[in-house]
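Chemist: Build me a model:
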Amino acid sequence: MENTEPDPTPEDAAAALVEAEASRTHLAGTLALPSFFYAAIGAAVAVQIATSAFSITDDRVWAPIRLGGVALFVLVASIQLVRFRQLNGVRLGGLASRVVLGTATAASISYAFALGASAWARSTGCGGSLPSARSRAARHTP
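Modeler: Take a look at the predicted model:
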């Protein structure tokens, strides 16, 4: 089947592009994040990093602890994405991958740094509870 419509004129194409840009700008201006979006994602990432670092540096700890951190992150991320879609009525390309899963360069670098730093802190004995940190500090005070 052939397209029998004539090709648009340059003016028609330019007008369609201007209209599409105005529609995109309007949509971007009306999008909103659910309440506590970043706080929930941040807390879930922190727990996931902590459980991963803890299980990596302690041979007695096995996979369920690490998987628990991942499961919590997946649950929180899924809930936040559903809340975003319900609030705005749209699926936004890149929100799940770049914002939630952290595939943007800055997020990936900061995640790797945080995981490495927490694993290092745990392996050198800097990790642990506050009372144990206070007792270590008291022992090293002259």
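
Chemist: residues contacting the residue nearest the centre of the chain?
Modeler: Relative to the mean C-alpha position of the chain, the nearest C-alpha, by C-alpha atoms, centre = their mean, is the one of V100, at 3.0 Å. Taking C-beta atoms under 8 Å, 6 or more residues apart in numbering as the criterion, V100 is in contact with 41, 77, 80-81. Using the backbone N, CA and C atoms, a C-beta is placed for each residue, glycine as well.

Chemist: can you pick the most crowded of these?
Modeler: Using other C-beta atoms under 10 Å as the neighbour test, these are led by Q80, with 22 neighbours.

Chemist: any idea how far it is from S123?
Modeler: For Q80, the distance to S123 equals 32 Å [C-beta to C-beta, to the nearest Å].

Chemist: Closest to A13 out of the contacts of V100?
Modeler: L81 (35.3 Å; C-beta to C-beta).

Chemist: Assess the claim that that closest one and L95 are in contact.
Modeler: Yes. Assessed by C-beta atoms under 8 Å, L81 is found in contact with L95 at 7.1 Å.

Chemist: Give me the pLDDT value at R91.
Modeler: We have a pLDDT of 84 for R91.

Chemist: Surely it and L31 touch.
Modeler: No. Using C-beta under 8 Å, R91 is not in contact with L31, being 11.4 Å away.

Chemist: Looking at those two now, which is surrounded by more residues?
Modeler: L31 (13 against 10).

Chemist: Just the local confidence number for that one, please.
Modeler: pLDDT, L31: 85.

Chemist: tally of neighbours for the closest residue to it other than its chain neighbours?
Modeler: Leaving aside its sequence neighbours, L31 sits nearest to N88 (C-beta to C-beta, 6 or more residues apart in numbering; 5.4 Å). Residues near N88, counting by other C-beta under 10 Å, number 16.

Chemist: again with A119
Modeler: Neighbour tally, A119, other C-beta under 10 Å: 18.

Chemist: ok, and it, which helix or strand is that part of?
Modeler: helix 105-123 (DSSP states H and E).

Chemist: got a list of what the residue nearest to L31 touches?
Modeler: With contacts defined as C-beta under 8 Å, 6+ apart, N88 is in contact with 30-32.
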